[in-house]
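Novice: Give me a model of this one.
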Amino acid sequence: MAGTLAATAAAVLAACGDPQLVDLPDEFQGGDDPGEAPPTAVIPEGTVQTGPRGPVSVNLGVASGNPLAAQLESQVHGAVADAKAANEDLDVNVVQISVGQDFQFQNDPNVFVDAVESALGGTQTLDLLIVNSRPAVLALQADGLVQSLDRFFSGSSGSLGDYYPAAAAFGGLDGRTWALPLALVPTVFWYGEEPFQAAGVEPPPPGGWTWDDFRTIARTLTIPPGADGAGGQWGHYFTPNSPFSQSSSLILIWQNGGGLVSADGSRSLLAEPAAVGAVSLIQNMVHDDGVAPATDPDLSDFNAGGGGGGARRGGGRAGFRLQVNGQQLSTMFGPATLPFGIGGLDQLGVRIGGMLRGREEATAATVPAGIALMEGATDSADAFFALREVSAKMETRMAFPARRTTVEAILTLSDGLSAPEANAILRGLETARVPTFDQSTEVLQILAQQVENPVIAGTLSAEEACENGADAIDQLLDQA
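Specialist: Here you go, the predicted model:
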């Protein structure tokens, strides 16, 4: 089952005039080093009128024919129907782009770009395109298939300032915006209600525990297994490879004021004290405290059926079902909603608490989809109008909006969440960061393979692993 879930989960015109630079908010910055900040948005002086001058008809492409694409495709069809119902002069034709049955299109952006180019190879035209990842946005831009949105934003009532910094970074490159984010899913603190009640531990508040509090509480939650190795309970689970959890070490490095790559992209920061200190926390809790396992989880007693994608819930929650080698897990990092097609967190019995806080408040996040304006759009201004209309309706169908929101709005969109959980998610949206430096995919692979894996397994110390990882990243950057 774990393998199946892992496979399933492995699942936005050149500007006119002299540009005016608008800096995105400071809270995105990686500690004192701005190396992982989103690109500066450019708002050109020459703007384009984006309101409709009559009936608007556009073609909107969306990936199709793949299990990972199915949920998003359904949401797009629903949002298009909502947008057309709200504006009788708007006609949006959804064009299915076949991406194949396997999961390669999710992992390799070139597969998606090839599918788009194939769709454009005949008589088909595309005005807008749903894009599933930042690497796909960058690949589309490199091939000249999408156009910048900035001058259209200048001519409309909207602004990238409406979006959370981590979401705004999704389509940013070279000071321009090439895709508009449709949702933002922060990494939050997962916990099991039953283990907490049994240990007399209060859930983490929306602002999260400090590292010291976390380490102490993890000891309280840990129960040794019996003589036969059965039973028992882990206080926490660190993982680089879970289908549900983003990199624990990356989040902790940010919280400790560190980063992975310098501002100018010339060197790794992984061997700096902030990064080594963060990875050392993992080492200490796994090997000194014995409160976290050194192995991948066995997702026991889990049924992956259900609707998928959103945080909307119903029918009550099961007990916390994640186990490692027969031992129950009490806490771990995980997304505020599961990936497309897996269903709600209820099936895992997950409760949501505030993310840990170190020297800084920070967590990771993903943008599950965005929308881009194609270079070959028949009428770019009309297409941008349609883009804004469809994206607004998509926000009501996806987990959490990419634009700034409120606790009340989160509670309305997500049935079954408690007010503290909604507050924790809002805090996550506000403090979320994403790596936007060049070759981020390769850098994160180095972090997982040369740092997280050996430290969790106990084959290298945090300092040794960070030195190795820094050398590998520096070599990668030199080659680039």
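Novice: Do you have the strands of the stretch 151-300 of the chain handy? List them.
Specialist: In the stretch 151-300 of the chain, the strands defined using DSSP state E, counting those that start in this stretch lie at 172-173, 176-177, 180-181, 185-192, 233-234.
Novice: The second one packs against which elements?
Specialist: It stands for strand 176-177. Secondary structure elements in contact with strand 176-177, counted by 3 or more CB pairs under 8 Å, 6 or more residues apart in numbering; DSSP states H and E, are strand 41-46, helix 150-154. Yep, even glycine has a C-beta here, placed from its N, CA and C like the rest.
Novice: Need the strands of the stretch 151-300 of the chain in CSV (columns: mean neighbour count and mean pLDDT).
Specialist: Compiled in CSV, the strands of the stretch 151-300 of the chain are given as follows (neighbours: other CB atoms under 10 Å; pLDDT from 0 to 100):
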stretch, mean neighbour count, mean pLDDT
strand 172-173, 21, 89
strand 176-177, 26, 92
strand 180-181, 29, 94
strand 185-192, 26, 93
strand 233-234, 24, 94
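Novice: And this structure, split by domain according to the record?
Specialist: For the chain, automatic domain parsing gives the domain ranges 7-184+367-404, 187-364+436-479.
Novice: of all these, which lies closest to Gly416?
Specialist: Gly416 lies closest to domain 187-364+436-479 among those, at 3.1 Å (CB to CB).
Novice: Report the separation between the two terminal residues of the closest one.
Specialist: 32 Å (CA to CA, to the nearest Å).
Novice: cool, and stretch 111-131?
Specialist: 12 Å.
Novice: residues of it that come out buried?
Specialist: Of all the residues in stretch 111-131, those buried under the rule 16 or more other CB atoms under 10 Å are 111-113, 115-116, 119-120, 126-131.
Novice: Would you mind giving those as CSV with secondary structure and distance to Ser249 added?
Specialist: Converted to CSV, those look like this (DSSP: H, G, I helix; E, B strand; the rest coil; distance: CB to CB, whole Å):
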residue, secondary structure, distance to Ser249
Val111, helix, 29
Phe112, helix, 28
Val113, helix, 31
Ala115, helix, 34
Val116, helix, 34
Ala119, helix, 39
Leu120, helix, 41
Leu126, coil, 39
Asp127, coil, 41
Leu128, strand, 37
Leu129, strand, 34
Ile130, strand, 31
Val131, strand, 28
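Novice: I'd like those as a markdown table, with pLDDT appended.
Specialist: Formatted as a markdown table, the buried residues of stretch 111-131 follow (pLDDT from 0 to 100):
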| residue | pLDDT |
| --- | --- |
| Val111 | 90 |
| Phe112 | 92 |
| Val113 | 92 |
| Ala115 | 92 |
| Val116 | 94 |
| Ala119 | 89 |
| Leu120 | 90 |
| Leu126 | 96 |
| Asp127 | 97 |
| Leu128 | 98 |
| Leu129 | 98 |
| Ile130 | 97 |
| Val131 | 96 |
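Novice: for those residues, which one is nearest Thr459?
Specialist: Top of the list for closeness to Thr459, among the buried residues of stretch 111-131 and by CB to CB, is Val111 at 34.2 Å.
Novice: how close does the closest one get to Val434?
Specialist: Val111 sits at a distance of 22 Å from Val434 (criterion: CB to CB, to the nearest Å).
Novice: hmm, which two among the buried residues of stretch 111-131 are most spread apart?
Specialist: The span of these, defined through CB to CB, is set by Val111 and Asp127 at 22.3 Å.
Novice: For this structure, which residue occupies the most central location?
Specialist: With distances taken as CA atoms, centre = their mean, Thr366 lies nearest the centre of the chain, 0.8 Å away.
Novice: looking at it, that one is touching Val185, isn't it?
Specialist: Yes. Between Thr366 and Val185 there is a contact under CB atoms under 8 Å: 5.1 Å.
Novice: Kindly point out which residues are neighbours of both of the two.
Specialist: Contact criterion CB atoms under 8 Å, 6 or more residues apart in numbering; residues shared by Thr366 and Val185: Pro335.
Novice: Please, where are all the helices along the stretch 251-400 of the chain?
Specialist: In the stretch 251-400 of the chain, the segments counted as helices under DSSP state H, counting those that start in this stretch are 273-283, 380-394.
Novice: among these, which gets the worst mean confidence?
Specialist: Mean pLDDT is lowest for helix 380-394 among the helices of the stretch 251-400 of the chain, at a mean of 94.
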